[in-house]
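> model this:
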Amino acid sequence: MEILLMSYLAGTESITKKYLSKMVSNKIIFIPTAGNVEPYTGYIDEGIEMLRLLGYEVEIIDITKFDEGYLKDKILKAECICISGGNTFYLLQEIKKKNLIKALVKRIKEGAFYIGESAGAIIMSENIEYNHIMDDKSIASELDDYAGLNVFDHYVLPHIGEYPFEETAQKTLDTYQDKISLVPINNNEAILVNDNGYTVLNKSK
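From the prediction side, this is the model:
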């Protein structure tokens with residue numbers, strides 16, 4: 001298993017390029033669902049454009065628009081899955097409504113390339129409740145538990161020191177740093193996770 005988690009996909013082009021260079025095909029399943037409830041989604045367009053400029057064929061699949069069987073088939077056959085940012089609680093709600101957690105975890109553990117941006121990174125943790133300071137959990141009114149995919153045994157804290165999340169990211173750090181194992185990253189960093197642990201990468205290196 002090897003996954004790449006970041007705050008801002010378009011801000012980590014060199015890291016993402018290197019990570020994806022081992023792919024056999026050039027096809028990426030891109031899930032923008034977390035942005036459905038956000039007023040601003042320019043970062044999603046920027047991420048898609050970056051992947052396309054790197055030469056990848058990006059198939060955009062909003063999981064709210066397809067049935068469970070179709071989505072599971074797509075996930076289980078994908079070489080690369082990218083889940084972009086937005087509201088983490090809404091994203092997890094929609095993943096659970098379509099019963100996709102087992103399929104996603106299975107495919108990741110089989111060795112699929114996984115890219116998680118912000119919300120897409122946070123859901124890899126055991127539980128996402130710590131992110132309630134940054135994201136409004138009331139938007140996900142049908143989500144009855146906060147258990148994540150539990151692929152990464154730490155907790156990603158994206159956007160540290162980054163506008164417009166300076167205050168909420170710092171408050172999350174202050175509130176939870178002694179309670180759970182947070183990994184804070186800015187918009188130019190990414191966390192490479194494999195079976196041996198994790199490494200924080202910076203695009204300048």
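> middle-most residue in the chain, spatially?
G120 (1.7 Å; C-alpha atoms, centre = their mean).
> Tell me how many other residues surround the closest residue to that residue other than its chain neighbours.
Nearest non-adjacent residue to G120, counting by C-beta to C-beta, 6 or more residues apart in numbering: I83, 3.2 Å away. In this view, the C-beta of every residue, glycine as well, is placed from N, C-alpha and C. Around I83 there are 25 other residues, counting by other C-beta atoms under 10 Å.
> Now the most far-flung residue of the chain relative to its centre: which helix or strand?
Largest separation from the mean C-alpha position in the chain: D178, at 23.7 Å (C-alpha atoms, centre = their mean). Using DSSP states H and E, D178 maps to neither a helix nor a strand.
> phi, psi of it?
phi -90, psi 0 (degrees, to the nearest 10).
> quick one: buried residues of the helix or strand containing A190?
Using DSSP H and E, A190 maps to strand 189-194. By neighbour count on 16 or more other C-beta atoms under 10 Å, the buried set for strand 189-194 is E189, A190, I191, L192, V193.
> Serialize those to CSV and add fields for distance to D145 and pLDDT.
What follows is the buried residues of strand 189-194, written out as CSV (distance: C-beta to C-beta, whole Å; pLDDT from 0 to 100):
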residue, distance to D145, pLDDT
E189, 30, 98
A190, 28, 98
I191, 25, 98
L192, 29, 98
V193, 23, 98
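> Which one of those is nearest to K77?
V193 (22.5 Å; C-beta to C-beta).
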